[in-house]
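[1] Please find the sequence and the predicted model below.
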Amino acid sequence: MPRYSAHYLAQLLRQRDYSALVDLQGIALGWEGFDKEIPAFGWPAPIFVVFELLTWLAQADRSGVWTYYEATPVGRLDCVLATLDRLKAVELHRQYAYGKQYWQDDKASEKLDLWISENEQTIIDWAFAVLREHTSELALVSG
C-alpha cells in the first residue's frame, strides 16, 4: 500500500508553490530506496534534479549559494548538470554550471544569488512542470 495517496500527491502538484515542493521533497526523503551515498540518492533523475534544485534555491536564499556548492559533492553537481542537460533546461544548466565553476568568487556568488532570487518563481514553475511530466516516478518515491 502506498504511503501517500495519488489524490494527496495531485493536490500538492496543483498548489504550485514552494511549500508544496518542500512537502513533496519530504515525502521522497522518506522513500525506502533513498540512499544518501549515491549522487542522485536512488531517485529517478527528474525527481532528483527537482529536489536538488530546491535545496540549491533554499541555500541561496538562506545563506548564499556558495554554501550549497561548498557542501555538495562534485559527483552530485555533475549529476544535476547531466540531468538538466537531458531535460533541456538550458538556462538552469547555464546558471548552475556558472555556480559550480565560480562559487568561491564572492562577486560571482552574489550575482548568482541575485539571479536565483529574481527567478525563484520561474524555477518553482519549472519544477512543477517536470514533476507533472513524471508523475509515475514521483509516485514511485512516494510509495
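    Structure's in. What do you need?
[2] so what's Asp78 closest to, chain neighbours aside?
    Spatial nearest neighbour of Asp78, chain neighbours left out: Pro39 (7.3 Å); criterion: C-beta to C-beta, 6 or more residues apart in numbering. From N, CA and C alone the C-beta is placed, and that goes for glycine too.
[3] what about that neighbour, neighbour count?
    Pro39 has 18 neighbours, counted by other C-beta atoms under 10 Å.
[4] so where is this protein shaky, pLDDT-wise?
    1-2 (pLDDT under 70).
[5] Next up, the contacts around Cys79.
    The contact partners of Cys79, by C-beta atoms under 8 Å, 6 or more residues apart in numbering, come to 39-40, 45, 48, 52.
[6] And for stretch 7-21, what's in contact with it?
    For stretch 7-21, contacts defined as C-beta under 8 Å, 6+ apart pick out 23-24, 27, 50-51, 54, 120, 124-125, 127-128, 131-132, 135, 138-139, 142.
[7] cutoff 10 Å now
    With contacts defined as C-beta atoms under 10 Å, 6 or more residues apart in numbering, stretch 7-21 is touched by 2, 4-5, 22-24, 27, 50-51, 53-54, 57-58, 61, 120-121, 123-125, 127-129, 131-132, 135, 138-139, 142.
[8] Ok, stretch 22-34 next?
    Outside stretch 22-34, the residues that touch it by C-beta under 10 Å, 6+ apart are 3-4, 8-9, 11-13, 15, 17, 36, 41-44, 47-48, 50-52, 54-55, 58, 127-128, 131, 137-138, 140-143.
[9] now stretch 97-115
    56, 59-61, 63-70, 72, 74, 77-78, 80-81, 84-85, 91, 94-96, 116, 123.
[10] Ok, stretch 40-47 next?
    Counting by C-beta under 10 Å, 6+ apart, 24-25, 28-29, 31-36, 48-52, 75-76, 79-80, 82-84, 86-87, 127, 130-131, 133-134, 136-138, 140-142 sit against stretch 40-47.
[11] residue boundaries of the helices in the chain?
    Using DSSP state H, the helices found in the chain span residues 6-15, 18-29, 45-63, 65-71, 74-86, 90-102, 106-118, 120-133, 135-141.
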